[in-house]
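Asker: give me a model of this one.
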Amino acid sequence: MIISLTGFMGCGKSSVGRELAARLGARLVDLDAEIVARSGRTIPEIFRTDGEEAFRKIELETLRTVLDEAAGDTVLALGGGVLTQPEARELVFGRTCCIWLRTRLDTIRERLGQTDPSRPLFADAEALFAARQALYAQAPLAVDTDGLTPTGIAEAILTLL
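Answerer: Modelled structure (predicted):
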């Protein structure tokens, strides 16, 4: 089984993914880390030099590859914007058990601070947050993360499963 974690930047996809994978004895794949490893460039660098559209193409191709190569139980921490692409949504919802890590924007700001230069779209956080909520809500399962540690969130996910 492939369990994918979706949600806005800073909701805990990577840290919860590590905890959940450890508890399940599953492999963890962080999509953003895969993009960096495969492209040899950081995400801010890709955004800066090639733009968001080029990044989304790389992200979609990496998602396809990761899903095709997945063997055994896998926890997949998705990038916060991957679901903005219809083909990516189809892949995620069709081939994984997708869980939305539902987090208030105030909580995300507390976790990340007011600015985070390693996240190219953080400057537009409020507008992006509002625009993406309906996409995340399409996930069949959701866990509210406010006030929980990654361990607590992983436990809540295991209860859902």
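Asker: so where's the longest helix in this protein?
Answerer: Identified as the longest helix of the chain according to DSSP state H is helix 52-69.
Asker: of all residues in this structure, which one is nearest the centre?
Answerer: Nearest to the geometric centre of the chain sits Leu78, at 2.7 Å (CA atoms, centre = their mean).
Asker: ok, which stretches of this protein are helices?
Answerer: In the chain, the helices defined using DSSP H lie at 13-24, 31-39, 43-50, 52-69, 86-95, 105-112, 125-136, 150-160.
Asker: which one of these is the most hemmed in?
Answerer: Across these, averaging neighbours per residue (mean count of other CB atoms under 10 Å) puts helix 13-24 on top, at a mean of 20. Just so you know, the C-beta spots here come from the backbone N, C-alpha and C atoms, and that holds for glycine as well.
Asker: mean pLDDT and distance to Asp144 added to the helices of the chain, as CSV?
Answerer: CSV is the format used below for the helices of the chain (pLDDT from 0 to 100; distance: least, CB to CB, whole Å):
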stretch, mean pLDDT, distance to Asp144
helix 13-24, 97, 12
helix 31-39, 97, 23
helix 43-50, 95, 27
helix 52-69, 97, 26
helix 86-95, 98, 20
helix 105-112, 83, 10
helix 125-136, 90, 12
helix 150-160, 97, 8
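Asker: now the ones you listed in a markdown table, with distance to Ala142?
Answerer: Below are the helices of the chain laid out as a markdown table (distance: least, CB to CB, whole Å):
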| stretch | distance to Ala142 |
| --- | --- |
| helix 13-24 | 13 |
| helix 31-39 | 19 |
| helix 43-50 | 25 |
| helix 52-69 | 21 |
| helix 86-95 | 13 |
| helix 105-112 | 15 |
| helix 125-136 | 8 |
| helix 150-160 | 9 |
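Asker: state the distance from the closest residue to Asp30 other than its chain neighbours to Phe129.
Answerer: Nearest residue to Asp30, sequence neighbours excluded (CB to CB, 6 or more residues apart in numbering): Ala77, at 4.5 Å. Applying CB to CB, to the nearest Å, the value for Ala77 to Phe129 is 18 Å.
Asker: fine by me, thanks again.
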